[in-house]
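Asks: Next comes the sequence, and after it the predicted model I'd like to discuss.
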Amino acid sequence: MADVRDEILKKILDSMTITEQGTIQWQGFASSEYSRYLSLLMSGLMLDNNLQSKLHKLRYGFNSENDVFFGHELNSIFKEMKEESKDKYNEFMNKLDKLLDKIKQNSKPEKFELYYPINIKTDENIEVIKFRDVEIEIKSYDDVKNLLDSDTFKEKFKFEKLTKSKYKYIKVMLWARNKNFAEQTATKYATLILGFVAYSQNYGNSSVTIIGIPKELTQLKLNYIFVFKGDAYAGHYYFEDKSDDKKIYDLNQADISNLNKFVKQFNKIDGKIQEVLFKVMNLYYSGLTEKRINYSFLNFWTALEIIALKKKGIPHFEIIKRLKSILVNLKPIEEHKIIEK
């Protein structure tokens, strides 16, 4: 039976032409063919657990899906395969392994600091989240002013609109071999603290849309990411909604007290439980910011299934029992152990 991945790879290679100068070029319809099948190939690579594990250990990331150069770092492999008249997926993966080995040999992880403007206001101190080997903290504008007022930053950011002084800033420091890995990983960590902040505000509240189009349940959203490699400004990313006019949430003392309580508990618990809550809070936050009701519900429901430790072999009545213990205070909440797979 033919491997569909072979067919996808062949379509990519057929769309390419190697010039006499040794460069790759696409003409007319071939360019759209290349983009379409490259996206399919990259989607498969993103779901390859073995590859993703290698990339994580290497601390290297491909371009993100919304980048115009998504997947283009693989062009050197495509060029080599085209010249060698090879078009099999297993041959491609062998060459990709060699490329990753070369990256490992020729580079070392470097320190990256990433800053995310967050539309909250408070004079209270917010506890630092400690997760894996990373610290996630919220800084005031005064703490980051020197970085964001540098001549280099102003020059690179001059065409964007952001009232920098009205935001707090999530700071994530980590080690990475390239900016892509730093951004993709740090953004997941930033979403963790957003989930905690949103939960401290929304716990016990409910929202109902009676007339009109349903809206997201919170406007607590990120708009930009500022990346520093070492002490040097390395560029910025922006999200789909990079508007500067979002509501600023004024967090009161009770909000911060709840938030700090969650953070302290998170910092103390076992690493396996932290991993579960990391997934849950990311899904919870996605549910709050999703405008489409069905997708919002799916995020919330998946979060509940994860926190109930659903896995293959557990009967449905046991899942229902666990969910009831979380959602309805009928009995003392049952204790469940995190079992390694």
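Replies: Sure thing, it's come through. Numbers count the residues shown, from 1 in each chain.
Asks: Only C-alpha atoms from now on, for both contacts and neighbour counts.
Replies: Noted.
Asks: The protein: helices as residue ranges?
Replies: With helices called from DSSP state H, the chain shows them at 4-14, 29-46, 49-58, 75-84, 89-106, 141-148, 151-156, 179-202, 253-268, 271-289, 293-307, 316-327.
Asks: right, and those helices - which one's nearest residue 241?
Replies: helix 271-289 (11.5 Å; CA to CA).
Asks: What residues sit buried inside the closest one?
Replies: 274, 276-289 (16 or more other CA atoms under 10 Å).
Asks: Pull the residues that contact it.
Replies: Contact with helix 271-289 is made by 131-132, 188, 191-192, 194-196, 198, 216-221, 266, 295-300, 302-304, 306-307, 338, as judged by CA atoms under 8 Å, 6 or more residues apart in numbering.
Asks: In ChimeraX, how would I select just the buried ones from these?
Replies: The ChimeraX command for the buried members of the contacts of helix 271-289 (criterion: 16+ other CA under 10 Å) is given here:
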select :131,191,192,194,195,196,198,216,217,218,220,221,266,296,297,299,300,302,303,304,307
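Asks: Where does pLDDT dip in the stretch 201-341 of the chain?
Replies: 203-212, 323-341 (pLDDT under 70).
Asks: circling back: mind picking the one among the buried residues of helix 271-289 that's closest to residue 238?
Replies: Once CA to CA is applied, the member of the buried residues of helix 271-289 that ends up nearest residue 238 is residue 289, at 16.5 Å.
Asks: Which one of the helices of the chain lies nearest to residue 21?
Replies: Using CA to CA, the helices of the chain put helix 75-84 closest to residue 21, at 12.5 Å.
Asks: can you dump the C-alpha coordinates of that closest one into PDB?
Replies: What follows is helix 75-84, C-alpha atoms only, in PDB (Å, rounded to 0.1, in the frame of the first residue of the first chain):
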ATOM      1  CA  ASN A  75      14.400  23.500   1.600                       C
ATOM      2  CA  SER A  76      18.100  22.400   1.900                       C
ATOM      3  CA  ILE A  77      16.900  18.800   2.300                       C
ATOM      4  CA  PHE A  78      14.400  19.100  -0.600                       C
ATOM      5  CA  LYS A  79      17.200  20.500  -2.800                       C
ATOM      6  CA  GLU A  80      19.500  17.600  -1.900                       C
ATOM      7  CA  MET A  81      16.800  15.000  -2.600                       C
ATOM      8  CA  LYS A  82      16.000  16.600  -5.900                       C
ATOM      9  CA  GLU A  83      19.600  16.500  -7.000                       C
ATOM     10  CA  GLU A  84      19.900  12.900  -5.900                       C
END
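Asks: Tell me which other helices or strands that helix touches.
Replies: helix 89-106 (3 or more CA pairs under 8 Å, 6 or more residues apart in numbering; DSSP states H and E).
Asks: quick one: the helix it packs on to helix 75-84, angle?
Replies: 130 degrees (axes from the mean of the first three to the mean of the last three CA atoms, to 10 degrees).
Asks: Dump helix 89-106 to PDB, keeping only the CA atoms.
Replies: The C-alpha coordinates for helix 89-106 follow below in PDB (Å, rounded to 0.1, in the frame of the first residue of the first chain):
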ATOM      1  CA  TYR A  89       9.600   9.900   3.100                       C
ATOM      2  CA  ASN A  90      12.000   7.600   5.000                       C
ATOM      3  CA  GLU A  91      14.900   9.100   3.000                       C
ATOM      4  CA  PHE A  92      13.600  12.600   3.900                       C
ATOM      5  CA  MET A  93      13.500  11.700   7.600                       C
ATOM      6  CA  ASN A  94      17.100  10.300   7.500                       C
ATOM      7  CA  LYS A  95      18.300  13.600   6.100                       C
ATOM      8  CA  LEU A  96      16.200  15.500   8.700                       C
ATOM      9  CA  ASP A  97      17.900  13.500  11.500                       C
ATOM     10  CA  LYS A  98      21.300  14.400  10.000                       C
ATOM     11  CA  LEU A  99      20.300  18.100   9.800                       C
ATOM     12  CA  LEU A 100      19.300  18.100  13.500                       C
ATOM     13  CA  ASP A 101      22.600  16.400  14.400                       C
ATOM     14  CA  LYS A 102      24.500  19.100  12.500                       C
ATOM     15  CA  ILE A 103      22.500  21.800  14.400                       C
ATOM     16  CA  LYS A 104      23.400  20.100  17.700                       C
ATOM     17  CA  GLN A 105      27.100  20.000  16.800                       C
ATOM     18  CA  ASN A 106      27.400  23.500  15.500                       C
END
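Asks: Which residue ranges make up each domain of the protein?
Replies: Domains of the chain are assigned by automatic domain parsing as 4-106, 110-268.
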